[in-house]
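Enquirer: sequence unavailable; structure follows:
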């Protein structure tokens, strides 16, 4: 199995990835990649998902495109793609 | 912890908050990675255009982080204004705070005290708010 999708991890989630800034994962959809990440770094998916949906205050990008415009969790990904996770900068 | 910041940056943030009133104003101050030095002010667009909410547009957010990475910088300060309430983090601010290394600056444009004079800084880590001293450099 190849693990050729690059995932960029924000500071706040690096405690899960042993402080690694970039990790590798596999999967054919964003959902599958998150599941794969959680196998490698247990607990990380809970920080990204809530009741099976993307958390409101997390932004995810596939190759610099906001996944909300790519089908959300069903967004297709392939080897060589780059996923970026960023915490929203927002508040009241 | 202490936020060290120039009077010029404070003035610029307060002025931006007045200009964008009644919407919340927001932005960041960047500095060299690992130095905790607030050097480069970068006002951001409040994509929510709201008096009670602010949010960096997701595209702007990605560009910002790319720029910070490319320049070997870090986000030293994340600031926004409260239009009618105290310059203290709201529940929403605390829920969203995703940069444990940043100084979260709140200013207020409320009228009942002299408008746009409140300027306060906080750490927000794992839902815990700690106010810190603001030390002004010239």
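Expert: Perfect, I can see it now. Only a predicted model underlies this, so the values are computations on that prediction, with no experimental measurement involved. Residues are numbered from 1 along each chain as shown, chains lettered A, B, ... in the order given.

Enquirer: quick check: phi and psi at residue 25.
Expert: Answering for chain A, as no chain was given. phi -150, psi 170 (degrees, to the nearest 10).

Enquirer: so it sits against residue A:36, correct?
Expert: Yes. Judged on CB atoms under 8 Å, residue A:25 makes contact with residue A:36 at a distance of 4.7 Å. From N, CA and C alone the C-beta is placed, and that goes for glycine too.

Enquirer: and residue B:17, how far is that from residue A:36?
Expert: Using CB to CB, to the nearest Å, residue B:17 is found at 44 Å from residue A:36.

Enquirer: among those two, which residue is more densely surrounded?
Expert: Between residue B:17 and residue A:36, counting by other CB atoms under 10 Å in any protein chain shown, residue B:17 is the more crowded of the two (27 against 19).

Enquirer: name the SS class of the more buried one, please.
Expert: helix (DSSP: H, G, I helix; E, B strand; the rest coil).

Enquirer: now do the strands in the chain.
Expert: Just going to use chain A. Secondary structure of chain A by DSSP state E: the strands cover A:5-8, A:22-25, A:49-50, A:53-54, A:58-62, A:65-66, A:82-87, A:90-91.

Enquirer: nope, chain B
Expert: Under DSSP E, chain B gives strands at B:2-6, B:26-32, B:40-44, B:54-55, B:73-82, B:103-108, B:118-125, B:128-137.

Enquirer: so in that sheet, which strands flank the fourth one, and in what orientation?
Expert: Right, strand B:54-55. The pairing partners recorded for strand B:54-55 under DSSP bridges are strand A:90-91 (antiparallel).

Enquirer: average pLDDT for the strand it pairs with, rounded please.
Expert: The predicted model assigns strand A:90-91 a mean pLDDT of 97.
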